[in-house]
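Peer 1: this is a predicted model, with the sequence first.
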Number of protein chains: 2
Amino acid sequence: MMQNPNSSLYALRKSIISNLIDTSTMTNSGKITKLKKGDLVFKECDEFHYIYILLSGSIKTFTTINSGTEKITCFYYQDDIVGFSGIDTGRYPVSAKALEASSVFRIRFNDIEKLTDKHPNLQNNMLRLMSRQIHENQNLLSLLGKTQSEKKVASFLFNIYIQSCHSSTFTTLKLPMSRRDIGNYLGITEETVSRSITKLSQNNLIAISGKKFNIVDKMKLVELIDGHPV
Amino acid sequence: MMQNPNSSLYALRKSIISNLIDTSTMTNSGKITKLKKGDLVFKECDEFHYIYILLSGSIKTFTTINSGTEKITCFYYQDDIVGFSGIDTGRYPVSAKALEASSVFRIRFNDIEKLTDKHPNLQNNMLRLMSRQIHENQNLLSLLGKTQSEKKVASFLFNIYIQSCHSSTFTTLKLPMSRRDIGNYLGITEETVSRSITKLSQNNLIAISGKKFNIVDKMKLVELIDGHPV
DNA sequence: CGTGACCTTGAGTAGGTTCAATTTGCGTGG
DNA sequence: CCACGCAAATTGAACCTACTCAAGGTCACG
């Protein structure tokens, strides 16, 4: 039951995804959808029937507060599973929008329950994946508690680096979302995001150009964020 | 599958709790523990074997960051289930400490999986409860994104009011945690918490005295927090 | 009662926001 | 393929919120 958090997460996802795709071919409910930048996968208050495997691209989820302001709750990347926060109420509590050209594999949630005898681990794996998400959100909460914006931005970038699972520090990473989106997510303004990025870059912790960046000095970065990445 | 979020949550919890207690009596694994203020239920990195039903009192969970600083991730009240964020890695990612004299009912997690035939809904209900927690965390994230501390504190208090499920605005509610804990949780200092509380009280949105408070002007409070309580 | 933890209040300061101007980057159509 | 136009990003300056440091008050518990 005990594993390295990241490799286990990867294996867990792969297992779930393969089970889900198998399930969907049996029940004929699976469907691949291509998304353009800005396309909605589902929107807040839609009835919950499907979960989505993100085959490529990236997605943000957000809630719309009264005034029409959107508040970003999560970013999803390849192999993430999107939509299961709808399980409890039967409606999606957030909207999901593609940040770039993406593709998703849609699966009917009810079909998952039906096939527990064929894939006895599936439901338990789903539990574990959700537990994982709770865990991640708690880390994010810790991030938002940081006083300094520069730390928040540093943690955010480092988190993307971690999730990418690339071994080399020199791999170029992509920021599919805008500075405004990052600010929205981190609870700071886009100007402050920009200033923090500039500062991190000037101090040679990261190198960044537009939507592409990489980690230059991993140790100093970790030190800055107090050893507590998201 | 569709219900009123709060009443369904209540029913969901009750169902899970009764199933769990039934399970534990069959397997003889259940155990009630009385806790004094400050007692630990489990600590970070302990192996995950049990989940706990909070029979009475209140509990906080927190992670310890490098430097020894604690970061509070969640507060739990009566009938909450504590500990399932340990499912994914097999160890608790947080410590849990009693905020006051409390009692918990301990259940071995493995026993839950065994009894799926006796209680077929149990695992699914657990899924829903976890989905619910993800959902709640997302709301919290939204809260921490608010710029003004006064809004954060207002949301925090309002949330306690909502969770208490009391119908009357005039019911006196309890704040089992210290101002420092609230600040830690909300990402602000205890002084700012105190000032915000004073201001909310002066403007007659709430009435507060020490650890007891109540909502005086629910409408104005909701207006202040932009209709977006945690 | 006394003692320590918790809470409140005050004054000065640092850091983030706001508003505004400019620059950069990207997709579209000529 | 280049030029245009719009969206996104950067940078600057003034303001203001929340933090820090400090002192005093309150409450619970021995």
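Peer 2: Alright, I've got the coordinates. Everything numeric here is computed off the predicted structure, so don't read it as measured data.
Peer 1: what about the strands in chain A?
Peer 2: Secondary structure of chain A by DSSP state E: the strands cover A:31-35, A:40-42, A:50-56, A:59-64, A:70-76, A:81-82, A:95-98, A:102-108, A:173-174, A:206-209, A:212-215.
Peer 1: TSV for those, including distance to A:R132 and mean pLDDT?
Peer 2: Every residue, glycine included, has its C-beta placed from N, CA and C. Output for the strands of chain A, formatted as TSV (distance: least, CB to CB, whole Å; pLDDT from 0 to 100):
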stretch	distance to A:R132	mean pLDDT
strand A:31-35	25	89
strand A:40-42	21	94
strand A:50-56	15	91
strand A:59-64	16	91
strand A:70-76	13	90
strand A:81-82	10	90
strand A:95-98	19	94
strand A:102-108	19	90
strand A:173-174	22	90
strand A:206-209	27	92
strand A:212-215	23	91
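Peer 1: do you know how far the spatially most central residue of chain A is from chain B?
Peer 2: Centroid check for chain A by CA atoms, centre = their mean gives A:Y76 as the closest residue, at 2.7 Å. A:Y76 is 13 Å from chain B, where distance means CB to the nearest CB, to the nearest Å.
Peer 1: how about that residue: what's its closest non-neighbour residue?
Peer 2: Residue nearest to A:Y76 in three dimensions, not counting chain neighbours: A:I59, with 4.5 Å by CB to CB, 6 or more residues apart in numbering or on different chains.
Peer 1: quick one, what contacts that neighbour?
Peer 2: A:I59 is in contact with A:V41, A:F75, A:Y76, A:D80, A:V82, A:A96, A:K97, A:A98, A:L99, A:S102, A:V104, counting by CB atoms under 8 Å, 6 or more residues apart in numbering or on different chains.
Peer 1: returning to what we had before: if I look at the residue nearest to the centre of chain A, how far off is A:I112?
Peer 2: Going from A:Y76 to A:I112 by CB to CB, to the nearest Å gives 19 Å.
Peer 1: about what we covered before: hmm, the residue nearest to the centre of chain A is touching A:F84, no?
Peer 2: No - counting by CB atoms under 8 Å, A:Y76 does not reach A:F84; the two are 11.4 Å apart.
Peer 1: any weak-confidence spans in chain A?
Peer 2: Low-confidence segments of chain A (pLDDT under 70): A:1-8, A:66-67, A:165-170, A:226-230.
Peer 1: please parse it into its domains.
Peer 2: As given by automatic domain parsing, the domain ranges for chain A are A:5-140, A:147-224.
Peer 1: and these: which comes nearest DNA strand D?
Peer 2: Between DNA strand D and these, the tightest spacing by CB to the nearest atom of the strand is seen for domain A:147-224, at 3.2 Å.
Peer 1: is DNA strand D within reach of the closest one?
Peer 2: Yes - against DNA strand D, domain A:147-224 shows contacts by CB under 7 Å from any atom of the strand at A:147, A:178-180, A:190-191, A:193-195, A:197-198, A:208, A:210-211.
Peer 1: may I ask which two of those are separated the most?
Peer 2: Farthest pair in those (CB to CB) is A:T147 and A:G210. Separation: 28.3 Å.
Peer 1: dump the residue contacts of A:L173.
Peer 2: Contacts of A:L173 (CB under 8 Å, 6+ apart): A:I160, A:Y161, A:S164, A:H166, A:K212, A:F213, A:N214, A:I215.
Peer 1: cool, A:Y92 as well?
Peer 2: A:F42, A:K43, A:E44, A:C45, A:D46, A:F48, A:G83, A:S85, A:G86.
Peer 1: let me know the outermost residue of chain A.
Peer 2: A:D117 (29.9 Å).
Peer 1: between the strands of chain A, which gets nearest to B:L140?
Peer 2: Taking these one by one with CB to CB, strand A:70-76 is closest: 10.0 Å.
Peer 1: is DNA strand C within reach of that closest one?
Peer 2: No - judged by CB under 7 Å from any atom of the strand, strand A:70-76 stays clear of DNA strand C, getting no closer than 13.6 Å.
Peer 1: ok, the residue farthest from the centre of chain A to A:R195 distance?
Peer 2: Distance from A:D117 to A:R195, by CB to CB: 56 Å.
Peer 1: same question for A:L129.
Peer 2: 36 Å.
Peer 1: thinking again about what came up before, for B:L9, which of the strands of chain A is the nearest?
Peer 2: strand A:59-64 (18.1 Å).
Peer 1: partners of that closest one in the sheet?
Peer 2: Paired strands of strand A:59-64, with direction, are strand A:70-76 (antiparallel), strand A:95-98 (antiparallel) (DSSP bridges).
Peer 1: would you reformat these as JSON lines and include distance to DNA strand D?
Peer 2: Listed next are the strands paired with strand A:59-64 as JSON lines, based on distance: least, CB to the nearest atom of the strand, whole Å:
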{"stretch": "strand A:70-76", "distance to DNA strand D": "13"}
{"stretch": "strand A:95-98", "distance to DNA strand D": "12"}
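Peer 1: count of neighbours near the spatially closest residue to A:K220 that is not a sequence neighbour?
Peer 2: The shortest distance from A:K220 to any non-neighbouring residue, by CB to CB, 6+ apart, is to A:L205 (5.4 Å). Per other CB atoms under 10 Å in any protein chain shown, the neighbour tally for A:L205 reads 23.
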